[in-house]
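1. coords below, sequence missing:
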Ligand code: ADP
Ligand code: ZN
């Protein structure tokens, strides 16, 4: 109980609410209501009712009479102190108001409104006045304390629900509240363990030791694609289950990870609860509750699962820890991988980071001894890594208006003959990234954003990938009016599919991208079809790089390896290396001989050389040296301030004001403001400032000082703070 007694001898508490202000809200605790720090309550806010979390913050000396009372203390276990601490940590690390984090914790969409009770029925012991065969069957089923719902009972007894209603009206059946069923049963740690190979066993032993030690530690599990990382960390999961602890597994693309859920099910006899934005509100709420009650043992989720109210969290695993999808760039800018380590630290539990291509940040942490490094250098069983080579596009150009070099076409033909699968990778959605008029050179661009419109041919539309704006593909140029002179420039996956279908008319071709009509369900279905070998040639965007196990793929062709190298992002080389390694890693996972062919205009680029040589060590060593000498993360720190406004001038002015407000601090420099590469998004003009500091500077303190000293911006101005930015657009 919080006892903030005032002179009136009434209680007052501070409540964190899901609103973007920094101050606390105070409420009176009505007589007879029990609340404690962490209690989830419903309170009035203006004319609304909102859910919030009671804190142990000191309450200002204000007259209790003015305060409105808490409406209701909700029937959930209180949010635990370590989650409260985590909320405050993320809030101050990312410079986001704590209310945004409260919103993420209490994210159950039904907003905690009271639910109608689910009614169950059972036999009361009173016999009906008149017995019929139908009534007899109902009674037989509902004897011995069995609880049924109305329609289930009627159905099982082969009668109409009115018979059940009649018995209820006579008091023969009594109603009881039905508890919602468990979302998933408890996984069984010894259900179907696999025999681990030597290296795998050693790795699993280290992880199990970390779990048994029952305190904070970070292990970096670095194993080539197909080395059995999942099997290995499943052993750590088993160990934590035996200790009756809850386990969180973060995956970069959970909505698409049916395969992972199935694998988990096979190993543990029950699936984990899956958590992502595509769940129905009802399922979301149930999972939230059951995680809070401690009766869900394993959650596999997207980054937002980090904010679930675990009762007894004992292990966090971040799979594909290098993946850029862990960075949220919306409202609260945070990297779920880094925040997972923070949550592990605050909760004092082990964290496992797994990847075939670990991020440079994690590698440096391992080298410097902060993380334990565990290496699986070879693939499981008889599977070898694909044989890799580059195709120099200068010497082997495709035919005009085509994109596959003759070498790649020949290779696809051979694979088809052997009845194996090919995967062609191009990280470009749609048909063509640019459409222009051949007569006047007019280019179609988005009216709301500084970006070209991408043609999506099967939808017959030109689409903006930033704001969703679309228009149908016109026949005439809107500028010069000339008919039939619009041309598609460059390829997207749809265009590659068209070329492949022309060359291999009998092949079964499938495009895998997030544009698939039918959403997640259809995508899961298609991924399954690929895994079963129902497709000959798959053409995919980066979606296909996410750790799927496709047993029949023996050729991976990269259509344009240079795409990601062109921009000025300091992580461009690292990202390209990771993406290409992951994509090529889809080939040859079951022991068939396999190849990776990489189309590039710069075969001498260090990234290409590292991939061909299958030698990440030298590549990473160079990248790490590079970062070190430029004091880039993790040897220095970066933060971005992104200012946007309704006019270019107001955005630029405020960005300049921020720059002028910056205090002079040694070891921190500011760059900009400069117009953002994406200068206009959703009709908002954008300017960026970049803050660059030495490793141990107080970056957050510096930015807070800027924001405090700068003039209050107009309402139309938005300032976003991005600590440890991943994107520089
Ligand atoms: P990674 O996560 O490193 O890419 P996986 O864990 O997906 O590797 O393993 C690749 C394939 O090899 C999977 O089909 C997996 O079931 C299989 N595998 C790995 N280790 C073993 C083992 N010890 N026993 C049986 N199958 C294994
Ligand atoms: Zn747009």
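-> The structure has been received and is ready for your questions. These numbers were taken from a predicted model, which means no experiment stands behind them. Ligands and ions are numbered 1, 2, ... in the order given.
2. Tell me where the stretch 251-400 of the chain has helices.
-> Using DSSP state H, counting those that start in this stretch, the helices of the stretch 251-400 of the chain run over residues 258-268, 281-293, 336-347, 360-367.
3. which stretch among the ones you listed comes nearest ligand 1?
-> Proximity to ligand 1, assessed across those by C-beta to the nearest ligand atom, is greatest for helix 258-268 (7.0 Å). Using the backbone N, CA and C atoms, a C-beta is placed for each residue, glycine as well.
4. what residue ranges in the stretch 351-500 of the chain score low on pLDDT?
-> Across the stretch 351-500 of the chain, nothing is flagged by pLDDT under 70.
5. taking the helices of the stretch 251-400 of the chain together, which one is wrapped up most tightly?
-> helix 336-347 (a mean of 21; mean count of other C-beta atoms under 10 Å).
6. Hey, what's the angle from that one to helix 360-367? Just curious.
-> Counting by axes from the mean of the first three to the mean of the last three C-alpha atoms, to 10 degrees, helix 336-347 points 40 degrees away from the direction of helix 360-367.
7. Tell me which of the helices of the stretch 251-400 of the chain sits nearest to ligand 2.
-> Proximity to ligand 2 (C-beta to the ion) singles out helix 336-347 among the helices of the stretch 251-400 of the chain, at 26.9 Å.
8. OK, contacts around whatever residue of the stretch 251-400 of the chain ends up closest to ligand 1?
-> Going by C-beta to the nearest ligand atom, ligand 1 is nearest to residue 380 of the stretch 251-400 of the chain, at 3.7 Å. By C-beta atoms under 8 Å, 6 or more residues apart in numbering, the contact list for residue 380 reads 197, 200, 226, 227, 228, 231.
9. Just the closest of these to ligand 2, please.
-> Nearest to ligand 2 out of the contacts of residue 380 is residue 226 (C-beta to the ion; 39.4 Å).
10. Double-check that the closest one belongs to a helix.
-> No. Using DSSP: H, G, I helix; E, B strand; the rest coil, the assignment for residue 226 is coil, not a helix.
11. Let me know how buried it is, in neighbour terms.
-> Using other C-beta atoms under 10 Å, residue 226 is surrounded by 23 other residues.
12. Likewise for residue 624?
-> Residues near residue 624, counting by other C-beta under 10 Å, number 17.
13. Okay, and it sits in which element?
-> helix 616-629 (DSSP states H and E).
14. Show me how far that helix is from its chain's centre.
-> The chain centre lies 28 Å from the centre of helix 616-629; the measure is C-alpha atoms, centre = their mean, to the nearest Å.
15. got it, and stretch 402-415?
-> 35 Å.
16. how about that stretch: buried residues?
-> For stretch 402-415, burial by neighbour count (16 or more other C-beta atoms under 10 Å) applies to 402, 403, 404, 405, 407, 408, 409, 411, 412, 415.
17. Any chance of the helices of the stretch 251-400 of the chain in a markdown table with distance to ligand 1 as columns?
-> Below are the helices of the stretch 251-400 of the chain laid out as a markdown table (distance: least, C-beta to the nearest ligand atom, whole Å):
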| stretch | distance to ligand 1 |
| --- | --- |
| helix 258-268 | 7 |
| helix 281-293 | 25 |
| helix 336-347 | 17 |
| helix 360-367 | 16 |
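18. Which residue is it, in the stretch 451-600 of the chain, that comes closest to ligand 1?
-> For the stretch 451-600 of the chain, C-beta to the nearest ligand atom, closest residue to ligand 1: residue 549, 5.1 Å.
19. residue contacts, that residue?
-> Residue 549 neighbours (C-beta under 8 Å, 6+ apart): 226, 259, 531, 589.
20. Ramachandran coordinates for the first one?
-> Okay, so that is residue 226. Torsion angles at residue 226 (phi, psi; degrees, to the nearest 10) stand at phi 90, psi 10.
21. got it, and the third one?
-> In terms of degrees, to the nearest 10, the main-chain angles of residue 531 are phi -60, psi -30.
22. now the one 3 residues further on
-> Main-chain dihedrals, residue 534, degrees, to the nearest 10: phi -90, psi 0.
23. I'd like the numbering to begin with 28 instead of 1 from here.
-> I'll keep to 28 as the first residue from here, and by that count the last item is residue 561.
24. Measure how buried the closest residue to it other than its chain neighbours is and give me the count.
-> Nearest residue to residue 561, sequence neighbours excluded (C-beta to C-beta, 6 or more residues apart in numbering): residue 535, at 7.0 Å. Neighbour count of residue 535, defined by other C-beta under 10 Å: 15.
25. go on, the one 10 residues further on?
-> As a burial measure, residue 545 scores 10 neighbours (other C-beta under 10 Å).
26. residues in contact with it?
-> By C-beta under 8 Å, 6+ apart, the contact set of residue 545 is residue 552.
27. list the contacts for residue 376?
-> 241, 242, 243, 272, 340, 341, 342, 343.
28. Where does pLDDT dip in this protein?
-> 28-37, 90-92, 135-145, 206, 282.
29. Tell me where the longest helix sits in it.
-> The residue-count maximum for a helix in the chain (DSSP state H) belongs to helix 225-240.
30. Which SSE is immediately downstream of that one?
-> Using DSSP H and E, the helix or strand that follows helix 225-240 towards the C-terminus is strand 244-250.
31. next SSE after that following strand?
-> Using DSSP H and E, the helix or strand that directly follows strand 244-250 along the chain is helix 256-269.
32. Give me the residues contacting that next one.
-> Applying C-beta under 8 Å, 6+ apart, the external contacts of helix 256-269 come out as 213-217, 220-221, 223, 227, 230-231, 234-235, 237-239, 248, 250, 273-274, 276, 287, 290-291, 294-295, 324-325, 341-342, 344, 346, 377, 379, 381-383, 403, 407.
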